[in-house]
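**Student:** Provided below for reference: sequence and predicted model.
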Amino acid sequence: METISDTIEFVKHQVNVTYKVISINTEGITNEESIIFSNEDANCMNWVLGHLIYVRNGLLNILGEEAVWDGEIFSVYNRGATPLERKNELVDFEELKSYLKQTQDKLEAKLNTIESFNHETINDIATLCFHENYHCGQLGYIRRLLGKPGGIK
């Protein structure tokens with residue numbers, strides 16, 4: 001039978017694995033490369049990474065923690081935004097990576113100390129874990145479209 005601690009361990013594992021995959025897929029990408037839009041309509045790597053951070057902030061909020069940035073200021077990364085039309089609002093790629101690291105540190109700290117999840121948030125937490133997996137795959141494809149070797153071997 002699954003316990004609450006099993007569920008927390010599962011989420012910790014998901015957060016750690018996706019962080020590693022995101023880091024591998026964004027390694028060696030310059031800011032200029034990160035804002036290349038394939039076919040002028042697919043999201044660029046910069047937006048996908050920023051969107052992951054935006055949604056990680058939502059997970060932090062669900063867990064009772066503060067976001068690492070103000071969602072209104074960084075709204076270009078929200079779901080439904082049109083980043084190609086707001087290209088001038090995209091954050092420098094290295095700065096985005098530092099925000100990602102901040103979310104990782106906060107998530108790890110919280111998940112290492114939390115004793116249980118609020119039952120009403122379990123489905124939201126599961127969906128956000130899936131969401132990260134989905135966008136991790138996109139980062140891998142974008143990396144290849146940029147002419148870089150695949151990061152996951």
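**Tutor:** Now that the structure is in, tell me what you want to look at. Numbers count the residues shown, from 1 in each chain.
**Student:** what is the neighbour count of Val17?
**Tutor:** Burial of Val17 is recorded as 14 neighbouring residues (other CB atoms under 10 Å). No exception for glycine: its C-beta is placed from N, CA and C like everyone else's.
**Student:** ditto for the one 10 residues further on
**Tutor:** By other CB under 10 Å, 11 other residues sit near Glu27.
**Student:** so it sits right up against Gly150, yeah?
**Tutor:** No. Using CB atoms under 8 Å, Glu27 makes no contact with Gly150, being 11.6 Å away.
**Student:** let me know the pLDDT of the residue nearest to Asn112 when sequence neighbours are not counted.
**Tutor:** In space, and not counting its chain neighbours, Asn112 is closest to Lys12: 7.5 Å by CB to CB, 6 or more residues apart in numbering. On pLDDT, Lys12 comes in at 95.
**Student:** tell me which stretches of the chain form helices.
**Tutor:** 4-26, 31-34, 45-62, 93-113, 122-145 (DSSP state H).
**Student:** which other residues reach the longest one?
**Tutor:** Outside helix 122-145, the residues within contact range by CB atoms under 8 Å, 6 or more residues apart in numbering are 7, 11, 14-15, 18, 21-22, 25-26, 29, 38, 42-45, 48-49, 51-52, 55-56, 58-59, 62, 117, 150-152.
**Student:** now the buried members of the residues you listed.
**Tutor:** The neighbour count (16 or more other CB atoms under 10 Å) marks 11, 14-15, 18, 21-22, 25-26, 29, 43-45, 48-49, 51-52, 55-56, 59, 62, 117, 151 as buried among those.
**Student:** if we can go back for a sec, can you name the residues that contact the residue nearest to Asn112?
**Tutor:** Here Lys12 is in contact with 108, 111-112 (criterion: CB under 8 Å, 6+ apart).
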